[in-house]
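Engineer: Build me a model:
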Amino acid sequence: MAEEQQVPEKQFSIQKIYIKDLSFETPSSPKIFIEKWEPVVDLNLSSQIQSLEESLFEVALTITITVKSSESTAYLVEVSQAGIFTLSGFTEEEMGPMFGSFCPNILFPYAREAVSDLVTKGGFPQLLLAPVNFDLLYAQQLHYAQQQTPSSDTIN
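Structural biologist: I've put the predicted structure just below:
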């Protein structure tokens with residue numbers, strides 16, 4: 001009788017979600033409030049992963065937004081929304097999408113709310129961030145990384 005190979009059970013759980021870092025600046029206030037409001041928004045996303053213990057990881061999604069109006073910086077907001085997640089039983093190939101897409105998808109609504117609250121409390125019109133397709137961003141990141149790696153198929 002052949003031994004059955006035991007496949008570890010996949011486990012995922014959220015341990016904690018929290019704001020790791022928060023910043024809001026209005027370098028052109030109060031003058032910016034009396035100028036014509038013509039916002040130009042620049043949005044940057046990044047994420048960091050840190051192993052805390054076996055099967056326990058911190059994922060931090062950082063959103064940085066710079067809004068300019070009439071060539072002046074109206075405000076700069078940065079939110080680092082983090083979570084501690086338990087992940088076990090996943091293969092190495094499965095961990096990439098978990099960290100690059102699944103966890104950021106969980107964190108994004110919290111970060112979006114924090115950004116909206118900060119901007120409103122800063123005296124500016126509400127800023128609602130559109131949904132982000134983290135699956136697509138992760139796929140693009142993988143494609144870019146593959147393009148940067150020299151192919152081992154080249155013959156010299």
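Engineer: Quick check: longest helix in this protein by residues?
Structural biologist: The residue-count maximum for a helix in the chain (DSSP state H) belongs to helix 103-121.
Engineer: after that one, next one along is what?
Structural biologist: Next helix or strand after helix 103-121 toward the C-terminus (DSSP states H and E): helix 134-148.
Engineer: other SSEs contacting that following helix?
Structural biologist: Other elements packing on helix 134-148 under the criterion 3 or more Cβ pairs under 8 Å, 6 or more residues apart in numbering; DSSP states H and E are helix 92-97, helix 103-121. Glycine gets a C-beta too; all of them are placed from N, C-alpha and C.
Engineer: rerun at 7 Å
Structural biologist: Where contact means 3 or more Cβ pairs under 7 Å, 6 or more residues apart in numbering; DSSP states H and E, helix 134-148 is not packed against any helix or strand.
Engineer: on that earlier part again, got the angle between the longest helix of the chain and helix 134-148?
Structural biologist: 110 degrees (axes from the mean of the first three to the mean of the last three Cα atoms, to 10 degrees).
Engineer: average model confidence for helix 103-121?
Structural biologist: The average pLDDT within helix 103-121 is 97.
Engineer: so how far is that helix from its chain's centroid?
Structural biologist: Taking Cα atoms, centre = their mean, to the nearest Å, one finds the center of helix 103-121 at 10 Å from the center of the full chain.
Engineer: Determine the set of other helices and strands touching that helix.
Structural biologist: strand 11-25, strand 56-69, strand 72-88.
Engineer: Flag every buried residue along it.
Structural biologist: In terms of neighbour count (16 or more other Cβ atoms under 10 Å), helix 103-121 has its buried residues at 103-104, 106-108, 110-112, 114-115, 118-119.
Engineer: before we move on, back to that, figure out which of the helices and strands packed on helix 103-121 is closest to residue 131.
Structural biologist: strand 56-69 (12.9 Å; Cβ to Cβ).
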